[in-house]
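>>> quick one: sequence and predicted model below, then my questions.
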Amino acid sequence: MAHDAQLRIDLDDTTPVIRQIVDQMRTLMVEGHLTVGTFLPSIRRLALDLGVHFATVAEAYRELAEEGWIQISHGRGAVVLPRLVPAENPESSQQFRQKLRNLLAEARSQGVGTATLVRELESVLEGIRS
Amino acid sequence: MTPAWWVEAGVVILLTAILNWTPVWRRRNLWFGVTVDSEFPESQEAQRVLSRYRIAVVLLATAALALMPLHLVLIGPALLTIGATLAYSWARSQTLPFASRKPHVRSASLLASPESFPGGWWFASAPLMLVAITAAILYTRGEAQSWPLLAHTLLPWAILTGSAAGILYGSPRGRVASAVELESQFRRVSILILLLCAWGAVLVNCATALHWTTPYLSLILLSPMLYLVRLIRIRRGTSGGDGTPDSCWKAGIFYYNPADPALFVEKRFGVGYTFNFANRIVWILGALLAAFLGLMLTTAVIRANH
């Protein structure tokens, strides 16, 4: 869905901008908003649009390329690649479980109700499956 | 009261009107160069700041007209411009305590289509062909001595078309999600105005070189003005901030942000675009332009003395 392929960077967030870019782009690719073969904006254009340094966007693209999500082509930006999903392993599952516990604890501490959390998780999973 | 006095008085009056209205030619969430909540401009504090700014502008205009009998060239417009800048800066300082506390979120589309000049590169570069054709006609007529007049056309064409290219390739496409569509329109109209001005300058100069004078020729330069009205309307209809930090706007007029790679950003005072003065390219281009103008001036002085 093209209209959902937006990056949103919060400059007041303690999370570094590069991490926000990488995490959001990975999410968009997993959820299917950025399909295989889609050309992403050039590093220069994305840096201009977000108002961040070229090196920040370049580093984010490099990280996604190392994970196998995109291929960077000079002068044309980057293209989304078909990515083989690695086999599930106990270590990555454990890391994910800890991150999820931290995230849910943060949400609860900010007043997000359990029912809301369940509903949001189901909605996100539905988006990934479709 | 000489004709020059009347012209200068007219400039002061026109400038007063523009300075009076400029603060309201703004995005809905900007007030004297400060990002505010959308309801703030209707508040008593905001209107009081605007009234005091306007009173200052009128008083400066009165002083400017009173000084004109001293026959100091451009003393009136200079006093008005400098004074209004200080008044604007004061108004901004009064608005800063009411700056919006909302988080600074910027957005960018990953699927936006690449942009190009309206009409393509052909439309932007066709004036050069016009200059070449005019030069050829002058040569066939035996009037090649008019070529320097044509050469002078190239500088305004280069500046205007270069500025349009600078906005197209060197400014953000819209950093606030709620304003992307209107910002896109604002960019397209701004670029179109610059290209039309470039066309107008070349057409007028070529016609003058060919001795094709007609009263309708000056109307060509008026067509961009029609788009200027549209530009103001788009600006006033745009909500949200502009995605640039308030702290990087010096006196609310000059944008200086070393962390921002943009060459041009939308103005907060007036309508259009302004430079990011922290970008080295701005200073390089400025130095090149100054060198070129210095060379032209020196050449003219040498020719005059010989």
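Alright, I've got the coordinates.

>>> need the residues of the stretch 151-300 of chain B near chain A, please.
Contacts of the stretch 151-300 of chain B with chain A, taken as Cβ under 8 Å from any Cβ of the partner chain, map to B:170-175, B:177, B:243-244, B:257, B:259-262. For glycine as for every other residue, the C-beta is placed from the backbone atoms N, C-alpha and C.

>>> please enumerate the strands of chain A.
Counting by DSSP state E, one finds strands in chain A at the ranges A:6-10, A:39-40, A:70-73, A:77-80.

>>> just confirm residue B:111 is within a strand.
No. Counting by DSSP: H, G, I helix; E, B strand; the rest coil, residue B:111 is located in no strand; its state is coil.

>>> residues near it, how many?
Counted with other Cβ atoms under 10 Å in any protein chain shown, residues neighbouring residue B:111 total 17.

>>> likewise for residue A:99?
10.

>>> distance check, it against residue A:90.
15 Å (Cβ to Cβ, to the nearest Å).

>>> repeat that for residue B:152.
Taken as Cβ to Cβ, the span from residue B:152 to residue A:90 is 76 Å.

>>> look up the closest residue to the residue of chain A found nearest chain B, ignoring the ones flanking it.
Going by Cβ to the nearest Cβ, chain B is nearest to residue A:49 of chain A, at 3.7 Å. Once flanking residues are discounted, residue A:49 sits nearest to residue B:108: 3.7 Å by Cβ to Cβ, 6 or more residues apart in numbering or on different chains.

>>> which of the three states applies to that neighbour?
What three-state DSSP gives for residue B:108 is strand.

>>> quick one: it and residue B:175 touch, right?
Yes. Here residue B:108 reaches residue B:175: they are 7.2 Å apart, a contact under Cβ atoms under 8 Å.

>>> any shared contact partners between the two?
Residues touching both residue B:108 and residue B:175 (Cβ atoms under 8 Å, 6 or more residues apart in numbering or on different chains) are A:49, A:50.

>>> can you say which of the residues of the stretch 151-300 of chain B next to chain A are buried?
For these, a burial check counting by 16 or more other Cβ atoms under 10 Å in any protein chain shown picks out B:170, B:171, B:172, B:173, B:174, B:175, B:243, B:244, B:257, B:260, B:261, B:262.

>>> closest to residue B:11 among these?
The closest of those to residue B:11 turns out to be residue B:171 (Cβ to Cβ; 30.3 Å).

>>> residues contacting the closest residue to the closest one other than its chain neighbours?
With Cβ to Cβ, 6+ apart as the criterion, residue B:171 has its nearest non-adjacent residue at 4.1 Å, and that residue is residue B:264. By Cβ under 8 Å, 6+ apart, residue B:264 lies in contact with B:163, B:166, B:167, B:170, B:171, B:273, B:274, B:275, B:276.

>>> low-confidence bits of the chain, can you list those?
Chain wasn't specified; assuming chain A. Scanning chain A for pLDDT under 70 picks out the ranges A:1-4, A:76, A:87, A:129-130.

>>> ah, no, chain B please
B:1, B:71-73, B:214-218, B:221, B:306.

>>> for chain A, what lies in contact range of chain B?
Counting by Cβ under 8 Å from any Cβ, chain A sits next to chain B at A:2, A:5-13, A:25, A:28, A:34, A:38, A:40-41, A:44, A:46-54.
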